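1. give me coordinates for this.
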Amino acid sequence: MYEVSTPNKLFNRVSTTFRLDPTRGERTLAGEVEWASVPIRTRVRIGFQTLEWMLVNDWLENLGGWTSASRAFVGANGARYRWKRKFREFHVRRSSFIRIKGHHSHISQLTADEDSSSKPPTFAIFREPKRNALLKVTEMPTIRVSPEALPSLDHIIVSLLVMEKRHRDK
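-> Here you go, the predicted structure:
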């Protein structure tokens with residue numbers, strides 16, 4: 001379970017993400033995003049592994065030009081992952097070739113960024129909340145993560161936070 005804290009935008013523009021361990025009652029820093037007024041100056045650091053701030057654009061590489069929603073990053077296990085947004089979901093896989101079916105929901109997909117002749121497995125899927133005609137949330141947002149991607153879960157959660165913020169700011 002994760003907890004994201006984003007204080008008042010005017011004074012503190014840092015989103016902090018904690019990994020929660022309910023059995024021990026502990027919170028561990030998973031990552032931070034320091035939002036800049038100019039998006040290319042936004043910085044990130046991932047938990048206790050990376051104490052240095054880095055530019056989001058250096059860490060979350062744009063793969064398809066300035067209009068593309070695909071981004072790639074290197075996870076804790078050294079594997080390169082790719083986010084792909086389609087409709088209301090984000091998916092994560094291990095390939096540059098991604099097939100997404102459906103037209104009613106937005107999909108974000110995380111894949112490992114490798115060449116493969118067969119369809120690559122999906123490592124994570126994020127679904128936006130569903131709303132009714134009165135804009136009331138009828139289904140909460142969810143993220144499903146494959147056990148294979150768990151070593152890089154902090155990276156996945158922080159990168160998803162950046163992807164969603166950028167999508168909402170468009």
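2. how about the longest helix seen in the chain: buried residues?
-> Counting by DSSP state H, the longest helix found in the chain is helix 153-169. Neighbour counts over helix 153-169 (16 or more other CB atoms under 10 Å) mark 153-166 as buried. Bear in mind the C-beta positions are built from the backbone N, C-alpha and C, glycine included.
3. what about it, distance to the chain center?
-> Computed by CA atoms, centre = their mean, to the nearest Å, the chain-centroid distance of helix 153-169 equals 3 Å.
4. check stretch 37-54 too.
-> Offset of stretch 37-54 from its chain centre (CA atoms, centre = their mean): 14 Å.
5. strands along this structure, start to end?
-> Secondary structure of the chain, counting by DSSP state E: strands at 2-5, 14-21, 26-34, 43-46, 54-55, 61-62, 71-74, 80-95, 106-114, 122-127, 130-131, 137-139, 142-145.
6. among those, which is nearest residue 170?
-> Closest of the strands of the chain to residue 170 is strand 80-95, at 11.0 Å (criterion: CB to CB).
7. run through this protein and note the low-pLDDT ranges.
-> 9, 48-50, 66, 86-90, 92-121 (pLDDT under 70).
8. please redo it, this time with the cut-off set to 50
-> Residues of the chain meeting the criterion pLDDT under 50: 95-105.
9. tabulate the strands of the chain (TSV), appending mean neighbour count and distance to residue 170.
-> Putting these into TSV (neighbours: other CB atoms under 10 Å; distance: least, CB to CB, whole Å) gives the following:
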stretch	mean neighbour count	distance to residue 170
strand 2-5	14	20
strand 14-21	16	18
strand 26-34	17	17
strand 43-46	22	19
strand 54-55	13	20
strand 61-62	14	14
strand 71-74	21	14
strand 80-95	23	11
strand 106-114	23	13
strand 122-127	23	17
strand 130-131	13	18
strand 137-139	11	21
strand 142-145	15	21
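10. re earlier: show me what the longest helix of the chain is packed against.
-> strand 14-21, strand 26-34, strand 43-46, strand 71-74, strand 80-95, strand 106-114, strand 122-127, strand 142-145 (3 or more CB pairs under 8 Å, 6 or more residues apart in numbering; DSSP states H and E).
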